[in-house]
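sequence and predicted structure are below.
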Amino acid sequence: MNPVHILAKKGDVAERVVVAGDPGRVKLLSKLLKDPVLVNENRGFLVYTGYYNGVRVSVATHGIGGPSMAIVLEELAMLGGKAFVRLGTAGGLVPELSLGDVVVVTGASYNPGGLIAQYFGETTCPAATPDFELTTEIVKSLQAKGVRFFLGNVFSSDAFYAEDEHFAQKWSQRGNVAVEMEAATLFVVGRLRNLKTAATVVISDSLVKKEWISKEKLEESVMKVAEAIFLALTNYKL
């Protein structure tokens, strides 16, 4: 199959890819690459390919939510992507997490049905977990750069505005430290397609403390983590 949303040629996308939901963040991350080339801007799914420490890497926009993530993941894989790390944002569900904190995702909870059920042809809940070795590389890189981080499970929500006053308590009691919208799809579809996946998120708001991060502090936190993500991805053996 040929991609219908990401209008790039096979080979335009590197085997190692960092993905983020916000095209503005993808532009920012592309500045860490040497000789970045914009290989797609159709549908707002910006994709840049360049080099980090001499290794070819792409940075791509996955949009918001599971369906958008699935489309982009499938099409980037068609174009040559093999290992994917999501560098995103999440809402804190536990008081231990503060604005700007980093969570390396160890698994994702999700509601049954929807996109994942359609992939499997039945309402089932396959494990949504990242690749262990790629996640381990991220942990080692963060430690090497002295970046403080948490390890934990997240809840991948399909409805941004469906949260009620009991949301944080309900999902934290189920073992989740943060809420975002794409990790479960990344992990499940990645395993179905034999891709290596991992995710790291920066806490942009707290549902417990009722606070939001500033744009400046968020960018600072993301870029602090980004160097470690790129290092881990380029050290990872495919």
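Ah, there it is. Numbers count the residues shown, from 1 in each chain.

in the protein, which spans are helices?
Taking DSSP state H, the helices of the chain run over residues 23-30, 66-78, 114-120, 132-144, 167-173, 183-192, 215-235.

most tightly packed of those?
Ranked by mean neighbour count, the helices of the chain are led by helix 183-192 with a mean of 25 (mean count of other CB atoms under 10 Å). Heads up, the C-betas are built off the backbone N, CA and C, glycines and all.

wait, isn't residue 85 in contact with residue 200?
Yes: counting by CB atoms under 8 Å, residue 200 is a contact partner of residue 85 at 6.9 Å.

common neighbours of the two, please.
138, 229 (CB atoms under 8 Å, 6 or more residues apart in numbering).

nearest to residue 13, out of the helices of the chain?
Checking those against residue 13 by CB to CB gives helix 66-78 as the closest, at 5.4 Å.

what helices or strands is that closest one leaning on?
Using 3 or more CB pairs under 8 Å, 6 or more residues apart in numbering; DSSP states H and E, the elements in contact with helix 66-78 are strand 16-20, strand 55-61, helix 114-120, helix 183-192.

can I get these in JSON lines including mean pLDDT and distance to residue 133?
Output for these, formatted as JSON lines (pLDDT from 0 to 100; distance: least, CB to CB, whole Å):
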{"stretch": "strand 16-20", "mean pLDDT": "98", "distance to residue 133": "13"}
{"stretch": "strand 55-61", "mean pLDDT": "98", "distance to residue 133": "17"}
{"stretch": "helix 114-120", "mean pLDDT": "93", "distance to residue 133": "24"}
{"stretch": "helix 183-192", "mean pLDDT": "98", "distance to residue 133": "13"}
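
by mean pLDDT, point me to the weakest helix or strand of this protein.
Sorted by mean pLDDT, DSSP states H and E, the helices and strands of the chain end with helix 114-120, the least confident at a mean of 93.
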